[in-house]
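**Student:** Provided below for reference: sequence and predicted model.
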Amino acid sequence: MGNGNRRPVRTAARWTVRLTAVTAALALPTAAFAAPVAASSAATNCFVNGQPQAGPEIYGTAGDDDIRCDALVSGDVIFGHLGNDTIRVTFNHAGVINGGPGRDTIRLEEENTGLIQAGDDSDDVIASANGALGRIHGNPGDDEIQVLLNQGVVDGNEGNDTCRVNEGTVLNCNP
Ligand SMILES: [Ca+2]
Ligand SMILES: [Ca+2]
Ligand SMILES: [Ca+2]
């Protein structure tokens with residue numbers, strides 16, 4: 001008599017165990033993902049010439065560098081240093097990107113809400129979006145600056161600068 005009732009109870013218990021395991025498995029990646037973001041003031045997933053480099057400061061060399069980061073937050077700074085550097089960042093959330101001397105190419109795949117300083121010499125800066133707090137400075141040299149959607153400030157500074165910028169504040173640039 002009792003045997004007939006035990007099976008469903010066991011099954012239910014197994015399901016409870018399985019569901020608990022599944023819930024735990026689902027919770028783990030979420031926790032693992034959330035923790036670094038909450039604690040973060042370090043540049044995310046940065047590579048200098050193919051080698052991973054930890055933030056918050058990312059340094060190029062005196063030569064021509066290829067610098068990539070997925071994201072920068074407040075306190076993160078990239079220094080391209082001398083040479084003709086290519087700097088590619090997906091999101092710049094209040095970080096700073098310094099091209100430094102040399103003819104640098106700086107690309108923001110998504111949005112910039114921080115500061116981009118191309119530095120000396122004739123640089124190319126290309127950004128999908130420059131947010132309300134975003135600043136893009138060409139600095140000395142004949143720079144080319146392209147911003148698809150600008151809500152912040154683009155300043156070519158000294159030199160014969162060409163800016164193709166939609167909306168926002170554009171200073172010291174030829175159209
Ligand atoms: Ca460099
Ligand atoms: Ca430069
Ligand atoms: Ca300039």
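**Tutor:** Now that the structure is in, tell me what you want to look at. Because the structure is predicted, anything quoted here is derived from the model rather than measured. Ligands and ions are numbered 1, 2, ... in the order given.

**Student:** low-confidence ranges in the chain?
**Tutor:** 1-41 (pLDDT under 70).

**Student:** so does stretch 58-76 get close to ligand 1?
**Tutor:** Yes: contact of stretch 58-76 with ligand 1 (Cβ under 5 Å from the ion) involves 60, 65. (C-beta placed from N, C-alpha, C; glycine too.)

**Student:** Show me the contact partners of that stretch.
**Tutor:** Applying Cβ atoms under 8 Å, 6 or more residues apart in numbering, the contact partners of stretch 58-76 are 40-50, 53, 55-57, 77-97, 100, 102, 114.

**Student:** roughly how far is that stretch from the heart of the chain?
**Tutor:** Centroid separation between stretch 58-76 and its chain, computed with Cα atoms, centre = their mean, to the nearest Å, is 10 Å.

**Student:** which residues does the residue most central in space within the chain bridge with?
**Tutor:** Nearest residue to the geometric centre of the chain (Cα atoms, centre = their mean): residue 71, 2.4 Å. Beta-bridge pairing for residue 71 (DSSP bridges): residue 44, residue 91.

**Student:** That one and ligand 1, how far apart?
**Tutor:** If you measure residue 71 against ligand 1 using Cβ to the ion, to the nearest Å, the figure is 21 Å.

**Student:** swap in residue 86?
**Tutor:** 10 Å.

**Student:** if I read this right, that residue contacts residue 105, doesn't it?
**Tutor:** Yes: in this structure residue 86 lies within contact range of residue 105 using Cβ atoms under 8 Å: 4.8 Å.
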